[in-house]
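In: can't give you the sequence, but here's the structure:
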Ligand SMILES: Nc1ncnc2c1ncn2[C@@H]1O[C@H](COP(=O)(O)OP(=O)(O)O)[C@@H](O)[C@H]1O
């Protein structure tokens, strides 16, 4: 089996307020980075996983995300496989 | 000026123990995902920012990260511009 | 000595620290994060709490508060600065002390009484304690795992900058059980435990008294 | 949205009261405020007979929290609140926002929050989602409570199958008023006084939360929920400091938090309590999102917002306090004489309803009830205890202690430097009152299993248990806040449990002369065979006149006699 590295990004759904992102945006403005319009902060997981092929890996990580890693009520996630 | 979305991933430096990643890995094993070899958990920021061109944007976000968004003692970061 | 207690938005041990100082006879002043004036204090205390909610990283945002410019200058000129818990985290972020804080090894917030050993008392703040003395104080933090690169750790040791270590159990996974450090000159100190919560018998410990008493001189 | 969640008879009732057909927006307003959560339409009738007065009670139920006198000008303020449904859907945020909500209730009195206690119920931790719910809830309480610097000094937790799909998260907050400090009511009065909305911007979060809490949780819940509220403890902390600062000025008439049903309930309840009306301009409400509709602004349950009714001549001074703390503070309307809730949006009058109709107009429901046969849930002590039983029992005991420690280690219980007995130490938590010799003892207790077996006796037991715990540390019980958690009130057996529970609490409270000064009712916790045990949680506060008489647990000296008191 091959070893893959999967990157999973989890953000709060659009429309759900992200207080942390807002506070960091305000801080960036205070530091002079006024060009910043919005900041959203999420989690990112780097998962090393064994498997035969890319499709299998993606579907596994998708399953983990759905049942455990992300909360479907509040969060959206994106999966990316690093080569 | 154009609006860009920049993704900034921040992970603990290699070699620094990541207890959250370990907890999640153990939980995934318990859930039956034994193929998972390692999990590292970091932060990801989605930054909407105005600017003329990609180079300018990247250098801005790099600066923010160096002085504020990431801690150089413990963290490494990667910048990606979404088109 | 005149003591100032800094209030950042989200600081929550300012009143406790103020109370402890009053208890031993100080007449402290509060310093507001937006101010540029240190009100002629001799000692600046950065108390514990959750400045800016600890969002992003503990201490990362407070470090850029207007008053921090003054505090950095003050410290560089030899002024006494003490950071407790979140205050310690802010001093690390501001570069007034070396190293950084990581999330606890337990991956959770920890509130408990711990024991500390005084390793070095060569700083104003600890001069009334004896080297080797064992202290009892509460900790209450989520990011208290002290970390520093190998090279800098050697330097820290060479210069006797490690002043307090966890004794017995290391609660948060700090490198070398480090609980408190000073800068090279010894005028800036940071510690994770809360001395201001250990000044009255009824609350379980008086180990912190000497720290505040010293500042009376 | 229009009418939602109202029964046919309630719709007719509304039209009759109003003398006309409400418009769509007015229907939405009526629907949320007539929801169980806001109107107590199934419980009001029964709660009103509680013993609520005593010489030492300064304010009983009906306000944001109860107030009890400690002597020498010190007063203690407290209330319990449930956040069961939000915690079932998103445990971390549900519990966090639960803490934020009850803290703002205390803050609305003008008191500084000095302690929290949490009463938790989950299904067995080794089954299904229970561990996830448990960890999320504890994490959320720890996240919010620690950040705002209010110590969680006690609580309780029970694992039982019936809470599997529907955990219970009840949080009690305690506040202190020091000598000379004013207490406030959530009231709007005095024509021309201004309505000041402070704290966070208003977004689309938590729309219909009140009706959500008034329904059964089923699989549809995820789709039903437009969005979940996210707690911002940092802002919550700023709100505490800024509101206390504002409350110390001369210009504040009333303070009210924004909770379930957002602006609708806080505005109309304040107006009703002041026997006045309010005129509100929604365009003035600071909005977080673009193109929000009148309905979205009115019903939003965005967290970390408070309403202050202030004197116009003091507006500038008070607003400057909030600006100092970098918070939003906008005047969104004013008090009017006519007892009406009038709303303008984009230059048009969009709502014009009597406050009496909104706050006291809902139909009262008194559904049928039925006793039930109790299956044998009692432990079997009949057979002789064997060695393996003892081992298992010890193992369970250790696990039980371990999990409790796992919880309270995550709570900052020593911040504010008043905690004399921290969690895990005494039978009740003890806090000293700075500047005096006095202390208070606080506790939350409940036993759903007993209440299921016999609701009346179970409820009495909960009251007496809380009482004993206060006594054990040397305190004298003063008053109760009750958190009542039940299933669907339209199920006859559930309503029976409810009525009997009320009787039990009432009997015990009268017999012991411990009045009830605040509380909360949460229905619709599970349904049919998944209904929770009837679970009344008793929060109790007692006084220790002199902390030198504090009683520490444990045997002290070898040879001391041991007494067993009681039957
Ligand atoms: N079980 C109860 N016993 C006594 N008083 C109660 C009970 N339930 C609710 N109350 C009182 O009714 C009022 C409304 O309660 P609630 O709606 O929970 O408050 P809030 O408006 O803060 O959400 C409060 O004053 C509360 O103390």
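Out: Thanks, I have it. Computed from a prediction, not measured in an experiment: that's the story for all the values here.
In: list the helices and strands the helix or strand harbouring residue A:41 packs on?
Out: For residue A:41, the host element (DSSP states H and E) is strand A:36-51. Where contact means 3 or more Cβ pairs under 8 Å, 6 or more residues apart in numbering or on different chains; DSSP states H and E, strand A:36-51 is packed against strand A:2-12, helix A:19-30, helix A:54-64, strand B:2-12, strand B:36-51. The way it works is simple: take the backbone N, C-alpha and C, and place the C-beta from them, glycine included.
In: nearest to residue C:63 among these would be which one?
Out: With Cβ to Cβ as the criterion, residue C:63 lies closest to helix A:19-30 of the helices and strands packed on strand A:36-51, at 9.9 Å.
In: centre of the chain to that closest one, how far?
Out: Taking Cα atoms, centre = their mean, to the nearest Å, one finds helix A:19-30 lying 19 Å from the centre of the chain it belongs to.
In: what do you get for stretch D:25-40?
Out: Using Cα atoms, centre = their mean, the offset of stretch D:25-40 from its chain centre is 19 Å.
In: end to end, how far does that stretch reach?
Out: 22 Å (Cα to Cα, to the nearest Å).
In: next one: stretch C:181-196
Out: First residue to last in stretch C:181-196 (Cα to Cα) measures 17 Å.
In: if the closest residue to residue A:38 other than its chain neighbours is in a bridge, with which residues?
Out: Take residue A:38 and drop its neighbours on the chain: the residue closest to it by Cβ to Cβ, 6 or more residues apart in numbering or on different chains is residue B:48, 4.2 Å away. Beta-bridge pairing of residue B:48, defined through DSSP bridges, involves residue A:38, residue B:5.
In: I'd guessed residue B:48 sits against residue A:37; true?
Out: Yes - using Cβ atoms under 8 Å, residue B:48 is in contact with residue A:37, at 4.3 Å.
In: can you name the residues of chain D that neighbour chain A?
Out: With Cβ under 8 Å from any Cβ of the partner chain as the criterion, chain D meets chain A at residues D:89-90, D:93, D:132, D:203-205, D:222, D:225, D:227-232, D:234-235, D:288-289, D:302.
In: could you list which of the residues you listed belong to strands?
Out: Among the residues of chain D next to chain A, no member falls in strands (criterion: DSSP state E).
In: select only the buried ones of those residues in PyMOL?
Out: Per 16 or more other Cβ atoms under 10 Å in any protein chain shown, the buried members of these correspond to this PyMOL selection:
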select buried, chain D and resi 89+90+93+132+203+204+205+225+227+228+229+230+231+232+234+235+288+302
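In: near chain C, which residues of chain A?
Out: So chain A meets chain C at A:19, A:20, A:23, A:24, A:27, A:30, A:31, A:41 (Cβ under 8 Å from any Cβ).
In: residues near the last one, how many?
Out: By that I understand residue A:41. 24 (other Cβ atoms under 10 Å in any protein chain shown).
In: what ranges do the helices span in chain C?
Out: Along chain C, counting by DSSP state H, helices occupy C:14-23, C:66-76, C:86-93, C:150-158, C:209-214.
In: what ranges does chain C have for its strands?
Out: Secondary structure of chain C (DSSP E): strands at C:3-7, C:29-32, C:43-46, C:80-84, C:100-102, C:110-118, C:134-141, C:145-147, C:162-167, C:178-182, C:188-191.
In: how far is the first one from where the chain is centred?
Out: Yep, that's strand C:3-7 we're talking about. For strand C:3-7, the distance to the chain centre is 13 Å (Cα atoms, centre = their mean).
In: so that strand, near chain D or not?
Out: No - on the criterion Cβ under 8 Å from any Cβ, strand C:3-7 is out of touch with chain D, staying 8.9 Å away.
In: which bits of the stretch 51-200 of chain D sit near the ligand?
Out: By Cβ under 6 Å from any ligand atom, the residues of the stretch 51-200 of chain D that approach the ligand are D:61, D:62, D:63, D:64, D:79, D:81, D:105.
In: and these, which two are furthest apart?
Out: The farthest-apart pair in those, when distances are taken by Cβ to Cβ, is D:62 and D:81, at 15.1 Å.
In: and chain A, which residues reach chain B?
Out: Going by Cβ under 8 Å from any Cβ, the residues of chain A near chain B are A:1, A:3, A:7, A:9-11, A:21, A:24, A:27-28, A:31, A:33, A:35-51, A:60, A:64, A:67-69.
In: next up, the contacts around the closest residue to the ligand within the stretch 151-300 of chain D.
Out: Nearest to the ligand, among the residues of the stretch 151-300 of chain D, is residue D:259, at 4.9 Å (Cβ to the nearest ligand atom). Residues counted as contacts of residue D:259 (Cβ atoms under 8 Å, 6 or more residues apart in numbering or on different chains) are D:101, D:104, D:105, D:265, D:266, D:301.
In: mind running it again at 6 Å?
Out: residue D:101 (Cβ atoms under 6 Å, 6 or more residues apart in numbering or on different chains).
In: please apply the same query to the one 10 residues further on.
Out: Contacts of residue D:269 were listed using Cβ under 6 Å, 6+ apart, and they are residue D:359.
In: pretty sure it belongs to a strand, no?
Out: No - looking at residue D:269 with DSSP: H, G, I helix; E, B strand; the rest coil, it is helix, so not inside a strand.
In: what is the burial count for residue 45?
Out: Picked chain A for this. The burial count for residue A:45: 26, using other Cβ under 10 Å.
In: my bad, the chain I had in mind was chain C
Out: With other Cβ under 10 Å as criterion, residue C:45 counts 28.
In: does residue D:189 touch residue D:277 like I think?
Out: No - with contact defined as Cβ atoms under 6 Å, residue D:189 does not count as touching residue D:277 (10.0 Å).
In: the more surrounded of these two?
Out: With neighbours defined as other Cβ under 10 Å, residue D:189 and residue D:277 compare such that residue D:277 has more, 25 against 18.
In: next, count neighbours for the residue of chain A found nearest chain D.
Out: Nearest residue of chain A to chain D (Cβ to the nearest Cβ) works out as residue A:19 at 3.5 Å. Applying other Cβ under 10 Å, we find 21 residues neighbouring residue A:19.
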